[in-house]
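*Asks:* Have a look; sequence and predicted model below, questions after that.
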Amino acid sequence: MFTKRFGLEIEFTGITRQKAAEVAAHYLGGTTDTAGDYYDTHKITAPDGRVWKVMYDGSLHCQKKEGRRTVSANDSYSVELVSPILLYREDIDRVQALARRLRKAGGFANKSCGIHIHLDGAAHTPRSIRNFINIIYAHNDLLYKSLQIAPERMRYCKKMDAILVERMNQVKPKTLRQIESIWYENYTGNCNGHYHTSRYHFLNLHSFFHGNHTVELRGFNSTLHAGKIRAYIVLALALNHQALTQKSASYRKVQEENEKFAMRVWLNRIGFIGDEFKSCREHLYQHLDGNAAWRYGSRENVRSHIGARNTENGGQNI
């Protein structure tokens, strides 16, 4: 799953775009150039030729620190870091180190800030796009609680719509053109614009059909915590891999009587295995209820559950 290309957008405040560009250029060893456009884009060209951008985002609530207080700031403190095309094994250390430096310089995220991950759409087919839709819908509630999506950001990353999912699974579209038609059928007006309303979902396919041919995941609260950023990237790549490789995916809601256990089983199934991803799993379990090790909560609850089942079966040991 780590062979697929992706791009990263991290929104934050606390420092100005000028300062963020200086920090990025110093770490990357790159040169800076200001585009002078509406977004006040600062381009940082790294020695490998790739361009990182620091841009304005009008949706952010700008703030800064004054001593121990957090106060409102002007829009020069609206910062969106946009990466070039990345590969996990080659670039994850660079992404994490840059996040740490921006955080040390005074950058921080508030509830208006998000992280968006763009996944290369080149390998996707009608089957894999349908899979992606179903996977996200089936895990809607688990993902939103795990990721603690702030109410302030819900308008920008809505849950997958039940009507759309039902239509996709009734029609079972065989072409990308058919999927595109279903994606837009409940919207009026021109669907070619960059800021089309359909994009504001956890899974954004507007960028796939009328953007840079990427599948975008928008359901991450922003942070400059390097470990959390890594966990979000790994989750995005794992979801993408699951969509690409499974023959089919169910859209039925996941049973969540023990949220942590349900998340653990799912994460293991999609590739979060071993010590390498222990911290990633922990970040994704953090806000869930239950016990990750035991489906019924504890060893004692397991014995109690088995005893109850034995009683239901006439005392026969099962």
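*Replies:* Alright, I've got the coordinates. Numbers count the residues shown, from 1 in each chain.
*Asks:* Only C-alpha atoms from now on, for both contacts and neighbour counts.
*Replies:* Noted.
*Asks:* what residues does the longest helix along the chain touch?
*Replies:* With secondary structure taken from DSSP state H, the chain has its longest helix at helix 226-245. With C-alpha atoms under 8 Å, 6 or more residues apart in numbering as the test, helix 226-245 has contacts from 1-2, 4, 92, 95-97, 99-100, 117, 119, 123-124, 128-129, 131-132, 135, 217, 220, 223, 249, 270-271, 279-281, 283-284.
*Asks:* Can I get the helix or strand following that helix in CSV, CA atoms only?
*Replies:* Sequence-wise, the next helix or strand downstream of helix 226-245 (DSSP states H and E) is helix 259-269. What follows is helix 259-269, C-alpha atoms only, in CSV (Å, rounded to 0.1, in the frame of the first residue of the first chain):
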residue,chain,number,x,y,z
GLU,A,259,-15.5,0.3,19.4
LYS,A,260,-11.8,-0.3,20.1
PHE,A,261,-12.0,-4.0,19.3
ALA,A,262,-13.9,-3.2,16.0
MET,A,263,-11.2,-0.7,15.1
ARG,A,264,-8.3,-3.0,16.0
VAL,A,265,-9.7,-5.9,13.9
TRP,A,266,-10.3,-3.6,10.9
LEU,A,267,-6.9,-1.9,11.1
ASN,A,268,-5.2,-5.2,11.3
ARG,A,269,-7.1,-6.4,8.3
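*Asks:* Now Ala292: closest residue in space that isn't a chain neighbour?
*Replies:* Leaving aside its chain neighbours, Ala292 sits nearest to Phe261 (4.1 Å; criterion: C-alpha to C-alpha, 6 or more residues apart in numbering).
*Asks:* residue ranges with poor pLDDT in the protein?
*Replies:* By pLDDT under 70, the low-scoring segments of the chain are 297-318.
*Asks:* go with 80
*Replies:* 150, 152, 189, 254-256, 296-318 (pLDDT under 80).
*Asks:* What distance do you get for Phe2 to Phe272?
*Replies:* For Phe2, the distance to Phe272 equals 12 Å [C-alpha to C-alpha, to the nearest Å].
*Asks:* Who has more neighbours out of the two?
*Replies:* Phe272 (20 against 13; other C-alpha atoms under 10 Å).
*Asks:* got a list of what the residue lying closest to that one once chain neighbours are set aside touches?
*Replies:* In this structure, Phe272 finds its nearest non-sequential neighbour in Arg281, 7.1 Å apart by C-alpha to C-alpha, 6+ apart. Going by C-alpha under 8 Å, 6+ apart, Arg281 touches 231, 264, 267, 272.
*Asks:* who's in contact with the nearest residue to the second one once chain neighbours are set aside?
*Replies:* Just to be clear, that refers to Arg264. In space, and not counting its chain neighbours, Arg264 is closest to Ala292: 6.1 Å by C-alpha to C-alpha, 6+ apart. For Ala292, the contacting residues are 258-264, 285, by C-alpha under 8 Å, 6+ apart.
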